[in-house]
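Student: next comes the sequence, and after it the predicted model I'd like to discuss.
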Amino acid sequence: MADERIQYSEEMVGAGHPTKADTLNRLSLVEHYSDGTHRHKRELDLREFLPAGFVTDGSADYTAEIEDALSYLEAAGGGKLVIPEGTWAATRITRRKYVSIAGVHQRRSKLLALPSSEEGFLQLAQGPVLYSHLEDLAVWGGNGSPANAGQWGMKAEAVGQVDSPFHGGEWYSNHRNIEVSYFDNGIWYKGGYTGTLLPMQFITHQNVSVKRDSNSGVCLELTGQVGQFVDISGRYDGQAKGQGTNIVITKDTGTNQSYSLNFLNTTSQLAEFAFDITWAFNLNIYAGHFEELYRAIRLQGSSRNINIRGCHFANAGSDGAGGGYIVGGSAFDNAFFGENYILGSYDKVVSVSNHKGIKLGNNFFTGPVSNDLGVGMTSGVTKQLSVGESGNIDSYLDMTIFVNNSATVITQINSFLTPGEMLCLKAHSGTITLGTGANISLGGASSVTVPQDAWAILLRIDLGSLAWVLVNVARASEVSKLAPGTVASPTYVQAELQSTMNKVDSVIDALKTAGLMK
C-alpha cells in the first residue's frame, strides 16, 4: 500500500480546538497498518471531533465541530461521519461530496436545529455534491416546535462551482430511514431553471418521513431540473385536513421541468393537496395511500405523462362544500388514472378542464355513489370542441367528444390514440360533416353528414395511408329500438353486435378494393 504521508498541522486538524491540537488526537484521525503505512480515516465518530466534557442532550452548539468533521472527510477524499446516540445541536450542517452522514438508529441519533437565520438546516455545498448519503437519522427543527419560522429541514439548492463548466446540484445520493420533524417546511430539492448544469439527479428516498409543522408549509418540494428521483415508502403529512400542501412539483421560473419521478407506496395525509403538480414530465404514483384530504392530486401547467395507478384513497376528496376531488386540475397534457381503490367521502373522482387527455380504467369505488360512478362524479373528462379552421379535430387522448355544429368539413383528426382504439364524435347543437382529403376514410364516400345528437364512431388503424376509418353513424332513432322498460335479450344484443361487425367488414372490403389496405 502506498504511503499517504500526513503532515501534522493545524490546517489539517483545525486551529484553536482544545483537544484536536494535541498529538494523540491527531493520531486518532489516522489509520495505521502493520507495514508502517497510514492514511486519513474514512469513517469517523463525531465524538472524535468534540471537546472534552461534551454533552449529548442538545444543549450545546456543535456547528463548528460538525462542519470540521465533514470538511476533514471531504479533504480525505470522502467517507462517513457517524452520529452517535444522542441529540446534537447546530445552526447549520453542510453536506459535501463523497461524504455520508449516518446515525446509529433513526430514533436514537438526532440532529437538532438551533435558532438561526439559515433558510435550510441541512444545506448543500457549492458545486456538484455526489454520493452524499443520509441514513438512520432524526432531523428536528426544535424540541416540540420549530426554532426558526419558515425554515426547511433540508434545502438542497444547486449552486454552480466557481470554475467551468460550473456544475452544481446533488447527484447519486440515497437517503434512508430519515425522520424530519418540527420544521415549518420539510425537504426542498431546487435544481436549475435553465440549461442543464445544475441538476438534482439520481436521488432515492427510502422510508423518509416528513411531518411539517405549519399549515401553510410544504413537506417535499421538487423545483426546476430534478430528475431520476425515486421515493419508496415515504410519508409526508401535514397537521390538519384541508390545510397546506404536502408535495409540490413545480418549475418556478425558467423552462426546466422535473422529470422521471417515481413515488412507490408513498403515503400523504392531512392537507388540502397531497400532490400539487404544476410542471412535471413522466411522473408515476404507484400503490400510494392518501387520506384526510380536500383534494388529493392536482395537475396543472403542461404536466405530461402522469400515471396514477393502484393507489388507495380514503376520505381524500371532499372539502365539505362540493369542491373536492381525487384528481383534478387544468392545462395538463395527459394522465392515466386506473386500478385505484376509492372509499369514504369524496365530492368528485375527477374534475378537470382544458387538458389534452385523461384516461380512467378499472377503478373501484365505494361510498356516496354506491359502487356506481354517476354522471356527477366526474367533470371535464368528456370534452366539447369546435372544428378547427383547417377542418381538424384535436382529440389527443380523448375518446368521446361533443363536436359543436359547424359548416367546416372535418377532414383531419389529430390524436394520440393507437391502432385498435375507437373515437366517438357526437354532433352537438347541429350537424357535423366528415370528409376525405386528409387522414379519414369513409369507405368510398366523399363525405358523411352526422345528424344532431348522433354519434360517428371511427377506428384507428395503421395499414394503408389513412389513420381513421368510419365504422358507423349511430342515430338515436336506430339505437332506441326497444320499448321503454324492456330488456335487451342476448339474441338481440348478438344481432346488433353482428350488424356492427358486418359494417366494419364492409369498410375493410371497400378499403381493399380501393387499394388502401392489403
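Tutor: Done, it's in.
Student: CA only for contacts and neighbour counts going forward, please
Tutor: Noted.
Student: residue 110 should be in a helix, yeah?
Tutor: No. Counting by DSSP: H, G, I helix; E, B strand; the rest coil, residue 110 falls outside a helix, being strand.
Student: give me every residue that touches it.
Tutor: Contacts here follow CA atoms under 8 Å, 6 or more residues apart in numbering; on that basis residue 110 touches 83, 85-88, 103, 137-140.
Student: which helices and strands sit right next to whichever strand in the chain runs longest?
Tutor: Taking residue count as the measure and DSSP state E as the definition, the longest strand of the chain comes out as strand 169-183. The helices and strands touching strand 169-183, judged by 3 or more CA pairs under 8 Å, 6 or more residues apart in numbering; DSSP states H and E, are strand 128-130, strand 134-140, strand 152-157, strand 200-212.
Student: any chance of those in TSV, with distance to residue 268, mean pLDDT and mean neighbour count too?
Tutor: Conversion of these to TSV gives the following (distance: least, CA to CA, whole Å; pLDDT from 0 to 100; neighbours: other CA atoms under 10 Å):
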stretch	distance to residue 268	mean pLDDT	mean neighbour count
strand 128-130	29	97	22
strand 134-140	19	98	24
strand 152-157	18	98	26
strand 200-212	10	98	23
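Student: going by distance to residue 221, which of the contacts of residue 110 wins?
Tutor: The closest of these to residue 221 turns out to be residue 139 (CA to CA; 17.1 Å).
Student: the closest one reaches residue 153, doesn't it?
Tutor: Yes. Contact criterion CA atoms under 8 Å: residue 139 and residue 153 qualify, at 7.0 Å.
Student: identify the contacts common to the two.
Tutor: Common contact partners of residue 139 and residue 153 (CA under 8 Å, 6+ apart): 180-181.
Student: related to what we said a few turns ago, to residue 435, which of the helices and strands packed on strand 169-183 lies closest?
Tutor: Of the helices and strands packed on strand 169-183, nearest to residue 435 by CA to CA is strand 200-212, at 49.2 Å.
Student: can you give the strand pairings for the closest one, parallel or anti for each?
Tutor: When pairing is defined by DSSP bridges, strand 200-212 lines up against strand 169-183 (parallel), strand 226-232 (parallel), strand 235-237 (parallel).
Student: list just the one of those that sits closest to residue 291.
Tutor: Between residue 291 and the strands paired with strand 200-212, the shortest separation by CA to CA is 9.7 Å, and it involves strand 235-237.
Student: helix or strand right after that closest one?
Tutor: The C-terminal neighbour of strand 235-237 among helices and strands, as given by DSSP states H and E, is strand 245-250.
Student: what's next to that next one, contact-wise?
Tutor: Residues contacting strand 245-250 (CA under 8 Å, 6+ apart): 216-224, 236-238, 257-258, 268-269, 271-280.
Student: and the next helix or strand past it?
Tutor: Scanning forward in sequence from strand 245-250 by DSSP H and E, the next helix or strand is strand 258-264.
Student: enumerate every residue touching residue 243.
Tutor: Remark: with contacts taken as CA under 8 Å, 6+ apart, residue 243 is in contact with 215-216, 270-272.
Student: 10 Å - rerun?
Tutor: Contacts for residue 243 (CA atoms under 10 Å, 6 or more residues apart in numbering) come out as 214-217, 270-273, 293-294.
Student: and residue 392, by the same measure?
Tutor: Residues 386, 408-414, 438 are the ones in contact with residue 392 under the rule CA under 10 Å, 6+ apart.
Student: and those as CSV, adding neighbour count, secondary structure and distance to residue 448?
Tutor: Below are these laid out as CSV (neighbours: other CA atoms under 10 Å; DSSP: H, G, I helix; E, B strand; the rest coil; distance: CA to CA, whole Å):
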residue, neighbour count, secondary structure, distance to residue 448
386, 17, coil, 18
408, 17, coil, 13
409, 20, coil, 9
410, 24, strand, 10
411, 20, coil, 11
412, 22, strand, 14
413, 19, strand, 15
414, 13, strand, 19
438, 16, coil, 15
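Student: need the residues you listed in CSV (columns: distance to residue 71).
Tutor: Putting the contacts of residue 392 into CSV (distance: CA to CA, whole Å) gives the following:
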residue, distance to residue 71
386, 63
408, 71
409, 71
410, 68
411, 67
412, 64
413, 61
414, 58
438, 66
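Student: coming back round to it: rebuild the helices and strands packed on strand 169-183 as JSON lines, extending it with distance to residue 327.
Tutor: Rendered in JSON lines, the data for the helices and strands packed on strand 169-183 read as follows (distance: least, CA to CA, whole Å):
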{"stretch": "strand 128-130", "distance to residue 327": "36"}
{"stretch": "strand 134-140", "distance to residue 327": "32"}
{"stretch": "strand 152-157", "distance to residue 327": "28"}
{"stretch": "strand 200-212", "distance to residue 327": "23"}
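Student: OK, contacts around residue 265?
Tutor: Taking CA under 10 Å, 6+ apart as the definition of contact, the neighbours of residue 265 are 207, 231-235, 285-289, 310-312.
Student: buried only: go through those for me.
Tutor: With neighbours counted by 16 or more other CA atoms under 10 Å, the contacts of residue 265 contain buried members at 207, 231-235, 285-289, 310-312.
Student: lowest-confidence helix or strand of the chain?
Tutor: For the chain, scoring each helix and strand by mean pLDDT, DSSP states H and E identifies helix 10-13 as the least confident one, at a mean of 42.
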